[in-house]
Every structure is written in structure tokens, then in C-alpha cells.
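>>> structure for the following, please:
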Amino acid sequence: MDSLDAIKSPKVDEVILIRGKTKAKGTLFLTATHVIFVDTTTGHEIYTLYMVIHSVKKEKLTKEGTPIIVDCKNFQLLEFLIPRAVDAHHVLESIKHFSFPQKLEDLYAFSYKPDYDSDIDGWSFYSAEAEYKRFGVPSESWVLTPVNARYETCATYTTNLYAPASVKPSTISGSAKFRSKGRFPVLSYVYKNQAAICRCAQPLAGVQSKRSADDEALVQGIYTANPSQKEVIIVDTRPKINAMANKAKGKGFENMQGYTNANLQFLGIENIHCMRDSLAALVQAVRSGETMKKYLSDLESCKWLSHVRSVIDTTVSIVKYTVAGHSVLIHCSDGWDRTAQTCSLAGFMLEPYYRTIRGFIVLVEKEWLGFGHKMSDRNQFLAGHGSEVSPIFLQFLECTWHISQQYPRAFEFNELFLITMFDCLVSSQFGTYLCNSEKERKAAKLKDRTHSVWSYLYSRHEDFLNPLYDIGEPAHQSYLLPELGLQHYQVWTAMYCRFDTDVQPRQNRQAAIAHMSLATELNQSRLKIIQRKMEQVKKEIARLKGENVDGNSKPEKDKNGTDGGDTSTKVDTDTSKEMDHPLAIDESAESEKSEAASRKQSTISMAELTDDVEPDAWVVTSPTHERGGKVLARIMSAQESRDTAIQAKPLELAKEVDVDELEQLPKLQSLKGANSCSRCNLPFEYLAHRQHCRNCGKIFCATCASRRVPIPHRQLLRPVPVCNNCHRDIERKKSQGEKST
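Presented below is the predicted three-dimensional model:
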């Protein structure tokens, strides 16, 4: 069916949108890619991508219209009340048609046109050779094996696989025949003590507990590759009862009689079906909790936090084994779900590099995309039965978030990075996550036909920086062992409640810290300007105090041989105690005209003084000895004029500072009460990124402050975020300056 034919009601008026406890009336538009609701009162537009929709259904007619319930993969729930039943039917059928495509080419990734600039080519971002070389592979113990160069041994593995150097390719091929889906043991990571983490799928042991000499030899090779010669720990991430049940299907777990120098450990991560049902119950609990008692009861019964803790608990065991010098071989059933979770979590617990933005992306490429996690099936990109759907990757992101809460200074990225990565996954907007394996992605030529998610994420690199990150912290250079106490685990509200209007407005902790950091940076700039100006005003005062009373002529000596200039200096020194002025001033020097006027007012000839005036009289503020009232009056008048001139100078220059450099620094809008974008006026969703424009200081959404340019007149020489309006003004001034030169 053509896209236009599938939309029988492209525009529906008088539609009521219900989100949580809020209602809005507006117009509903249907396009080939989005459902768009426009609030007629405020003009706000709400875009919902078809690919994000998890389910849509029509309920019984009400007084306000026919309800269409749209449940999204990003946990947004929309209810449209459509006045006419025929329009409601058309809307329902159109959403179903576009939300559950039949073919890969119908996904949004193939029609998406990026509106961002990125210097990173996401498709060439990851190199398996470079990553393994980073931790010393290939080496005497580990080599690149050619057995899967054309995906002939395992269709779901990548081609770049590393195995023990002591094991022949024929032995590896024999092991692959004994492992589910041909997923034989391969190297994942080598710790600094040379203990290795390897991964595979369950063996095809069956109820007869079959053995394979090739598989046993490969595991022995893993043992030999470890210089410590400690036994290999085989970690079966499943509960033992689940592994026993798989024996009836001809699979199961290792017969340890043939695996010398190895030890089998069962851990307790449940299967994909339990995780799917548990997440659905969690979402229902956070949406419909009427009382605290019911909410806590539902939260307990869904067991989602228990499952998250179980994944982390299993990984902690793996990390402890690795640190102790044991090589670890990890598998679950087919080795692409629980195995991917624990291998990647163990990676960043052991390796600080994987806690950076770049390192985390490399980790996802290696452990999830390279080793064949079924991204397409688990996230239901295409229409089909939902038995394969499960939030495995989401659960990994949530485990990462929980650990980052315990180690807030150990991660370069913030939780917005994790949420954005998930949103990019469920939207099928990028080709990076499509298909179930590297082989399928190459066959679909996604590199040539779609865009990489890594290019997009790196274009927003600064948005994802954690202001608390401290790479120099000694503890962060070592491995992490998160606490397993129940009190350390809580609902990830930024993920599951971000569209709940009842929790808005909320100020994200890291966003608040970033705001304070920016404010501190600006205040430091102000302080530097003020300090520089204070030094200048001190020099100006010293220059004025150093001038002779009678101008540039050298004073004559009095009877006692005292230099008149010396006594003048004494007077100036005493009287200047009250003249220091701590105001910040501009660096511009006083004009010749005002400088001459000051000298004229403050100059008096020493020849007009008589010998009756005692030299010591100059050390007091008000001289009492005089010969003739006119002379004394001129002395006092000149001194007061000079005091006024010196004290007025800092005030005069301080005014120049106020309108010059200090005013050039932007005044930041407070995060408190900033509930909508200063340009498009769209309200900020929960945890929405709020960007300060470094030129005007106002707060904008990521779309309205997507540009980065230097601002020389504000002393910001590196590219900084600015709003789109300021970007146009800066570029216009720049072009005008270039034309004038």
C-alpha cells in the first residue's frame, strides 16, 4: 500500500489529548513518519514517531469521543479522544500501518535526513583490531583466528575473533559444532593481570551430558593463556533449574568431568520472558499507583529492581574472579542476552576507558553489535509475534545508571547520554542498531543507506558530559565493585517517568551542577577583569601621588635643608590613606585633557609659602600655622581639589568597566522556573536538556540552541553553545567585519 493511501484522515480537528492528568484540545495530523498534535490554545506541537509506538488500540466510545490509546516504547502514554468514529477508525488503521512495518526498508532509518553537523564518521568509529590492540592482543597467548572470516563457522559472530594461540583452527571449528548456534568460546577482554574474560553459548550436552574433546581443548587453551595458571571459572548466568530444563532440549551445561582446570558456577539471571513481563508490570506500577501502599506493593511484585540487582550481582562475581587472577568463560543460553549484559558491565567495572563516552560506545559496538545481540527481534522493529521482544539492552543501560549513582565521579557521561542512546534505539532512526548481526547489517548495506547513531551522539558530546567526572581520582583508575544492598536500588524515574506531568518541573542534579559550573566560570572571568582593573587603578593613584605639588619643577630646599618635595610626599602619603578605592576599572588610560585639568587644580607653588610655616605642619591634615589667610586658603583648596581628583578617578573608570567588559559577560537565566524554551516556548519534558546560550544567557531546548561558535567579544575563543538567533547575529557581524576589512 502506498503511504498516501494508508492515510485516509490526514487531519482531524477538535481532538482531545490526555497525558497523565492533563488535557489539551487541538488538531491531529498524520504524516508518513509522525503523529503530530498541535494544541490550539498554546500552539505547542507534540511529535510522536511511528517507530516509537509499541501498541495502539481503540476503546469504547465516550461522551467526548472515541479513545485511541497509544503506548510508546519510550514509556510515553497518549490518549486521543476523536469526535467522529470514522476518523477514529482511520487514525487507528494508519498508525498500525506505519508503526509495524513488514520490510526492513520501511523503517524510518532509510528515510531519515539528519539535521545535525558531526565531525565523526560513526560507521568507522569502531575498529576491532585497534580495540584489542589497546589491551595487548594479539600476543603470545591470544591470536586472531581465521575460522569466521566469512561467517562460515558462526553467522551471528563478527569476523574479527580472538582465540588462544595454543588452539588450532580445526579445534575451534569442532568446538563450534558443540555450542548452541555455533557460538564457540572467544576472547572478550584481557585484564591488566592477564586474566581473560571470554564468552560463548551453552553446550549441546543434552540429557546424556555429552562431551566434546575439541571444546574441552579450547577451554584448556583459555587456562593456558593465563600466566597465573589459575583454574578457569565457567559462569553460567542462568539459575541452575533453567539450565537443567534446557537439557531436555538437547542443550544444557558442561559435563565437568572433561574440563580439567575449570570450575562451573551457576548464577541467577532470569530469561527474556521474565524480564519482558517484569518491565510491563513496572511501567504499570509507576503509571497507576493511587496510594503509596499500592505503589510499593506493585513495585515489589513486579521484581524489576530485583532483576537489575541480580545482573549487577552476577557481574560483581565475574569482576572478583578476574581481579583474583582467574580467567572467566561466560555463557547463558545462546550467549547474546545475559552474556552481553555481564560482559559489558564487567568491562566498564574493570576498565576506566569504558566509562568515557567514546569507550562506552566502543563497548556497545564490541559486546552487543559485534557479538550478535538480536537488536531487531528484542526491540520489535518489524511486525511479528512478540515472544522475542525483551528489554535486555534497556536493562544494561539501567544497570549502568545504578552503578553511576554509586560512583558519580567515575563516569564521563551523564544519564541523558544513556536515555538518548535508548531513544535512538527504539526509534529505529539510525542503521547502527538495525538487524540481528553484523552479517545481516552488511548484507543490507546499512552503511551506505542509513546514518550512524554514533555520529549523532558525538554531535551532542558536550550535552552528555558529567560535571562531576574526575578521571584523576585514584579509585576511578581501579575497578568498581558496586554495593548490592537493597537500599541502593530505586526506580529510574528519569527513564520511566519523564513524560509524567505530575513530576514536572524537576531540576536534574547534574544539570544544576553544570549550571553552577558555568556561573562559576563567568564569575571567575569577572573576577579576573576586576583584578586587572584594580592593578591599573593602583598604578594610577601611585602616579598621581608621585607628582610634585608645583608641577614638574624641582622644589627648593627650605632653611633646614629639607626638600619641599619630601614634605609634600609626606602629606600625600598621610592623606592618601583614605584614598585607596577597591573598584574594578578599565585598562584605558585617562585622556590628556582630564589629566591636565587635574594637575592644574592640584598644583600650588612652594614659593608662595613663607619660612614661618613649619615643615612638620605638613604631616597633619589641617595645617594651623600660616602667614596670610589667602595663602592657607589656596593650600587647602588645592589639597581638597587634588583629593577629589584622585578619588574621582577610580569611580570614573569603574563606570567604564560597568558598560564595557563586565557587561559583555552574559547574565545566566536561572534554572528555577525555566519550564519552557525561550525561543519556541515548548515546555521541557522531564530531564529534557536545557541549554544556556553563552551569548544571551537564556535557556533553550536542544533544538533551539544547537549551534556552537566562538564569541570573541565575550572572550570565548573556543566554540560554545549559542541559541539560533544569537548564532545568526554573530555570523552576520562576522561577515560584516570581514567585508569592512
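
>>> drop to CA atoms for contacts and neighbour counts, all remaining ones
OK.

>>> which residues touch the spatially most central residue of the chain?
Centroid-nearest residue in the chain, with CA atoms, centre = their mean: F464, separated by 1.6 Å. When contacts are counted by CA atoms under 8 Å, 6 or more residues apart in numbering, F464 touches 413-417.

>>> which other helices and strands contact the helix ranked longest in the chain?
Secondary structure of the chain read by DSSP state H shows that its longest helix is helix 509-545. With contacts taken as 3 or more CA pairs under 8 Å, 6 or more residues apart in numbering; DSSP states H and E, helix 509-545 sits against helix 564-575, helix 629-658, helix 661-664.

>>> pick out the shakiest of these, pLDDT-wise.
The weakest mean pLDDT among these belongs to helix 564-575, with a mean of 42.

>>> pretty sure D337 contacts H373?
Yes. D337 is within contact range of H373, at 6.4 Å (criterion: CA atoms under 8 Å).

>>> neighbour-wise, which of those two wins?
H373 (28 against 24; other CA atoms under 10 Å).

>>> list the contacts of the more buried one.
336-337, 340, 436-437.

>>> can you check V190 too?
135-136, 196-197.

>>> ok, now W304?
275, 278-279, 282.

>>> out of the residues you listed, which end up buried?
With neighbours counted by 16 or more other CA atoms under 10 Å, the contacts of W304 contain buried members at 275, 278-279, 282.

>>> just put the residues you listed in TSV and tack on distance to G43.
Converted to TSV, the buried ones among the contacts of W304 look like this (distance: CA to CA, whole Å):
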residue	distance to G43
M275	40
S278	38
L279	35
L282	33
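
>>> run through the stretch 201-350 of the chain and note the low-pLDDT ranges.
289 (pLDDT under 70).

>>> mind listing the strands for it?
With strands called from DSSP state E, counting those that start in this stretch, the stretch 201-350 of the chain shows them at 232-236, 262-266, 328-331.

>>> so A88 makes contact with E79?
No. Counting by CA under 8 Å, A88 stays clear of E79, with 11.7 Å between them.

>>> residues that sit against both of those two, list them.
67-68.

>>> neighbour-wise, which of the contacts of H373 leads?
A340 (27 neighbours).

>>> measure that one to V286 for me?
A340 is 28 Å from V286, where distance means CA to CA, to the nearest Å.

>>> and the helices in the stretch 101-250 of the chain, which stretches?
128-134, 169-178, 213-224, 240-247 (DSSP state H, counting those that start in this stretch).

>>> one more: the stretch 301-450 of the chain?
So, for the stretch 301-450 of the chain - with DSSP H, counting those that start in this stretch - the helices run 304-323, 338-350, 357-364, 375-379, 392-406, 415-426, 438-443, 446-449.

>>> what angle do the longest one and strand 262-266 make?
Using axes from the mean of the first three to the mean of the last three CA atoms, to 10 degrees, one finds that helix 304-323 and strand 262-266 are set 170 degrees apart in direction.

>>> helix 304-323: which residues count as buried?
For helix 304-323, by 16+ other CA under 10 Å, it's 304-316, 318-323.

>>> same thing with the last one?
Using 16+ other CA under 10 Å as the test for burial, helix 446-449 gives L446.

>>> pLDDT on it, on average?
96.

>>> gap between it and the chain center?
Helix 446-449 sits 27 Å away from the centroid of its parent chain (CA atoms, centre = their mean, to the nearest Å).

>>> can I get that helix in CSV, CA atoms only?
Taking Å, rounded to 0.1, in the frame of the first residue of the first chain, the C-alpha atoms of helix 446-449 are listed here in CSV:
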residue,chain,number,x,y,z
LEU,A,446,23.2,-0.2,6.1
LYS,A,447,26.5,1.8,6.0
ASP,A,448,25.6,3.2,2.6
ARG,A,449,21.9,3.6,3.0
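
>>> got the contact list for it?
Residues from elsewhere that reach helix 446-449, judged by CA under 8 Å, 6+ apart: 110, 123, 431-432.

>>> what's the closest of those residues to C680?
F110 (28.6 Å; CA to CA).

>>> count the neighbours of that closest one for me.
For F110, the neighbour count with other CA under 10 Å is 17.

>>> what's the distance between it and Y50?
Applying CA to CA to F110 and Y50 gives a distance of 14 Å.

>>> then V323?
For V323 relative to Y50 (CA to CA), the value is 46 Å.

>>> tell me the pLDDT at N725?
88.

>>> how close does it sit to A705?
9 Å.

>>> between these two, who's got more neighbours?
Neighbour count, other CA under 10 Å: between N725 and A705, A705 has more, with 24 against 14.
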